[in-house]
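S.K.: Predicted model and sequence follow; I will ask about them next.
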Amino acid sequence: MEGRLQRLSSYRPRPHEGEEIPISFIDLERKIAAWSPELKHTVYLDSFENTDNFKRVREVFLLKVFNWYRNGESIVELTNSERMHFEDTLNEFLLYGGEIHYSRKKEGRKHVNFFRVEYSDCTDGNIRGWMLAEKL
């Protein structure tokens, strides 16, 4: 359990299939991602200029979210099709409410990012308003 929570609460979370992370949307921006052999990690650039020293140069969408397991900000790297799926999920969330959950699922040989809206069990119609004075 400890390793699972640590993996899901990282700055760049990668949940296994079947695991979900509750998130809140912060920002989405287009970046150029490239692997730096010297630094041994991915760097994000604003343009394709000076990318000769990098490997696997590609255009990505960097999704900044509030990770509720981390209690802080996390980032998720999205392809164009994953971005369109996220925008559909975000529109559904804005229309109907609920909570956005982030997970990954295997399609063929690759894992793709997947988002869904989780609706709460209680509805506004079942909640009765009351005043504090009534309870005292």
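M.R.: Ah, there it is.
S.K.: Take the longest helix along the chain, keep the C-alpha atoms, and write them as CSV.
M.R.: If you go by DSSP state H, the chain has its longest helix at helix 80-96. C-alpha atoms of helix 80-96 as CSV (Å, rounded to 0.1, in the frame of the first residue of the first chain):
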residue,chain,number,x,y,z
ASN,A,80,-3.3,15.2,-29.2
SER,A,81,-6.0,12.4,-29.0
GLU,A,82,-5.6,12.2,-25.2
ARG,A,83,-6.0,16.0,-25.0
MET,A,84,-9.3,15.8,-27.0
HIS,A,85,-10.5,13.0,-24.7
PHE,A,86,-9.6,15.1,-21.6
GLU,A,87,-11.4,18.2,-23.0
ASP,A,88,-14.6,16.1,-23.5
THR,A,89,-14.3,14.8,-20.0
LEU,A,90,-13.7,18.3,-18.7
ASN,A,91,-16.8,19.6,-20.5
GLU,A,92,-18.9,16.7,-19.0
PHE,A,93,-17.5,17.7,-15.6
LEU,A,94,-18.5,21.3,-16.1
LEU,A,95,-22.0,20.4,-17.2
TYR,A,96,-22.9,17.7,-14.6
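S.K.: So what touches it?
M.R.: Residues outside helix 80-96 that contact it (Cβ atoms under 8 Å, 6 or more residues apart in numbering): 25, 28, 59, 61, 63, 78, 99-100, 112-117, 119. (Glycine included, C-beta is placed from N, CA and C.)
S.K.: which pair in these spans the largest distance?
M.R.: Glu59 and Tyr119 (33.7 Å; Cβ to Cβ).
S.K.: Quick check: buried residues in stretch 48-57?
M.R.: Within stretch 48-57, the residues scored as buried using 16 or more other Cβ atoms under 10 Å are Phe54.
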